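Participant: no FASTA, just this:
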C-alpha cells in the first residue's frame, strides 16, 4: 500500500504526517522548522525518498470566505517546489484543522507543553484525513 505525505505549512514550522488512503489511516510524523521554500522543499523531497512516497497533500489555509491569502500562497509555493522535484501534489482546504488537532491532542492527556510541540504534525494528519475523505466522494 502506498503512503502519502501530509503537510501543514506555517510561517515558522511545517507539520508532517503520513498515511495510507486504502486504510484511511494517518500518523503524525514530525514538525520541521521552516527555513526557505527552497531549503524546505529539499528536506521534504529527501523525506519522501526515505519513506518511498511520491504523493503529497499540502494543506491550503483558505480565508473563511474561501479566498487565498498570504499563508495559502506560501503553501502553494512549497507545493510547486515539490512538483518541480517530480512529486505529485494535491491541495486540501485546511480551515479548522488546527482546532480539530487541538481537540484530539487534549483527549490524549498530554501536557500543554507536549501538545504544543505536536500540534502541527497532528494538524497535518487531520489535513491528510480530510483529503482521503474528499477524494472518495
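Facilitator: Looks like it arrived, so ask away. The shown structure was predicted, so the numbers you read here are calculated from the model rather than taken from an experiment.
Participant: buried ones in stretch 88-97?
Facilitator: Neighbour-count burial for stretch 88-97, counted by 16 or more other C-beta atoms under 10 Å, picks out 89, 90, 91, 92, 93, 94, 97. Heads up, the C-betas are built off the backbone N, CA and C, glycines and all.
Participant: ok, the fourth one to residue 13 distance?
Facilitator: Think residue 92. 18 Å (C-beta to C-beta, to the nearest Å).
Participant: ok, now the first one?
Facilitator: According to C-beta to C-beta, residue 89 stands 19 Å off from residue 13.
Participant: same deal with the third one?
Facilitator: Using C-beta to C-beta, we find residue 91 at a distance of 19 Å from residue 13.
Participant: can you check the fifth one too?
Facilitator: Distance of residue 93 to residue 13, given as C-beta to C-beta: 20 Å.
Participant: who does residue 28 bridge with?
Facilitator: Beta bridges link residue 28 to residue 17, judged by DSSP bridges.
Participant: count of neighbours near it?
Facilitator: Using other C-beta atoms under 10 Å, residue 28 has 25 neighbouring residues.
Participant: do you know how far it is from residue 6?
Facilitator: Residue 28 is 9 Å from residue 6, by C-beta to C-beta.
Participant: what touches both of the two?
Facilitator: 16, 17, 124, 125 (C-beta atoms under 8 Å, 6 or more residues apart in numbering).
Participant: the second one touches residue 31, doesn't it?
Facilitator: No. At 10.2 Å, residue 17 and residue 31 do not qualify as touching, with contact defined as C-beta atoms under 8 Å.
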